[in-house]
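Asks: Here's my sequence, what's the structure:
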Amino acid sequence: MLPDIKLAIRLQILDDRAAVLAKEIAALPKHIAEVEKKLESHQRRLDADRAALAVNQKERKKLEIDIQAQDPKITKLKNQMLEAKNNEQYKAFQHEIDFCQQEIRRFEDRILELMTESEPLEKNVKAAEAALAVEKRQIDAEKKQAQERTAVDQKEIGSLRAERAGILAEMTPKVAAEYERIRKGRAGVAIAEALNGRCSKCNITLRPQFLQELRRGDSIMVCESCKRMLYINPPESFEVLVPQSARQSTE
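Replies: The predicted structure follows:
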């Protein structure tokens, strides 16, 4: 295998790894933003329940004050009844007392309704507050992990870039330039392995004569379809070269 091809293979490994790390770095802020958006939605729901509960409690407090205000009115009316000079005055005072008592009952009924309405609101608020506290802790932990992960990824990318620069310096300038050109035009992949008579990236079947020339490894060749550099990994041992059945027949 040509030295430039070996270097190109290593370069592709570095570029693939750098692409994975870059994608991970880019994905982390998006993930955190999605989690925070979900938290904001839960916070808005909690704020709405808190507001509804506050309105409920405010109305109950006002009704309780209104009930208390009726007591001195009734007391005053009862005292005036004792001083009534005729039956008509007496009935008039009694009518006003009855009205005040009806108002008290109406206020009390409304307070009971509000208390019934407030029970689920209070439960929702307490449950949401507890859930939000847990979510906030989880998000803080995820943010910290994301920051740490990003720092690790960026450090590794720095190492990959340094190694990459060293490899490019070793390559024949023309081959290095060709590698970069192909990589930019082929979604970051400049070199591919020929497997089972096909280009492993575009899956095109390679011509027999083309394969023979590729196996000789005399020059850098590119796929006739996708134009990526191609290489063939030679067998590494006798076991790979000779099928098991053939080995058994010679033993």
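
Asks: Contacts only, for the residue lying closest to Glu135 once chain neighbours are set aside.
Replies: Excluding its sequence neighbours, the residue lying closest to Glu135 (Cβ to Cβ, 6 or more residues apart in numbering) is Leu39, at 5.4 Å. For glycine as for every other residue, the C-beta is placed from the backbone atoms N, C-alpha and C. Shown in contact with Leu39 (Cβ atoms under 8 Å, 6 or more residues apart in numbering): Leu132, Glu135, Lys136, Ile139.

Asks: Go through these and say which is closest to Ala177.
Replies: Among those, Ile139 lies closest to Ala177 (Cβ to Cβ), at 46.5 Å.

Asks: who's in contact with that closest one?
Replies: Ile139 makes contact with Ile32, Val35, Glu36, Leu39, according to Cβ under 8 Å, 6+ apart.

Asks: just Glu135 next, same as before
Replies: Here Glu135 is in contact with Lys38, Leu39, His42 (Cβ under 8 Å, 6+ apart).

Asks: Which of the helices or strands spans the second one?
Replies: Using DSSP states H and E, the element containing Leu39 is helix 3-82.

Asks: Domain-wise, how is the protein divided?
Replies: Domain assignment for the chain by automatic domain parsing gives 3-170, 173-244.

Asks: Quick one: end-to-end distance for the first one.
Replies: To tie it back to what came earlier, the one meant is domain 3-170. Its first and final residues considered, domain 3-170 spans 9 Å by Cα to Cα, to the nearest Å.

Asks: All further residue positions should be reported with the first residue as 8.
Replies: All set: I'll call the first residue 8, so the last point we hit is now domain 10-177.

Asks: can you give me how far it is from the chain middle?
Replies: With Cα atoms, centre = their mean, to the nearest Å as the basis, domain 10-177 stands 20 Å off its chain's centre.

Asks: Just the pLDDT at the closest residue to Glu129 other than its chain neighbours, thanks.
Replies: Excluding the flanking residues, the one nearest Glu129 by Cβ to Cβ, 6+ apart is Leu60, at 6.4 Å. We have a pLDDT of 91 for Leu60.

Asks: ok, Leu60 touching Leu128?
Replies: Yes: between Leu60 and Leu128 there is a contact at 4.4 Å, judged by Cβ atoms under 8 Å.

Asks: how close does Arg52 get to Leu218?
Replies: 65 Å (Cβ to Cβ, to the nearest Å).

Asks: and what of Glu136?
Replies: Here Glu136 is placed at a distance of 69 Å from Leu218 (Cβ to Cβ).

Asks: any low-confidence regions in the stretch 158-258 of the chain?
Replies: Residue ranges of the stretch 158-258 of the chain with pLDDT under 70: 241-258.

Asks: need the strands for it, in chain order.
Replies: Assigned by DSSP state E, counting those that start in this stretch, the stretch 158-258 of the chain shows strands spanning 198-202, 205-206, 228-229, 236-238.

Asks: Pull up the pairing partners for the third one, direction included.
Replies: Pointing back at strand 228-229 there. In the sheet, strand 228-229 lines up against strand 236-238 (antiparallel) (DSSP bridges).

Asks: which residues sit against the strand it pairs with?
Replies: With contact meaning Cβ under 8 Å, 6+ apart, strand 236-238 is reached by 8, 12, 15-16, 185-186, 189, 197-201, 206, 213, 221, 227-230.

Asks: count of neighbours near the spatially closest residue to Ile12 that is not a sequence neighbour?
Replies: Nearest residue to Ile12 in three dimensions, chain neighbours excluded: Tyr238, at 5.1 Å (Cβ to Cβ, 6+ apart). Each residue near Tyr238 was counted by other Cβ atoms under 10 Å, and the total is 19.
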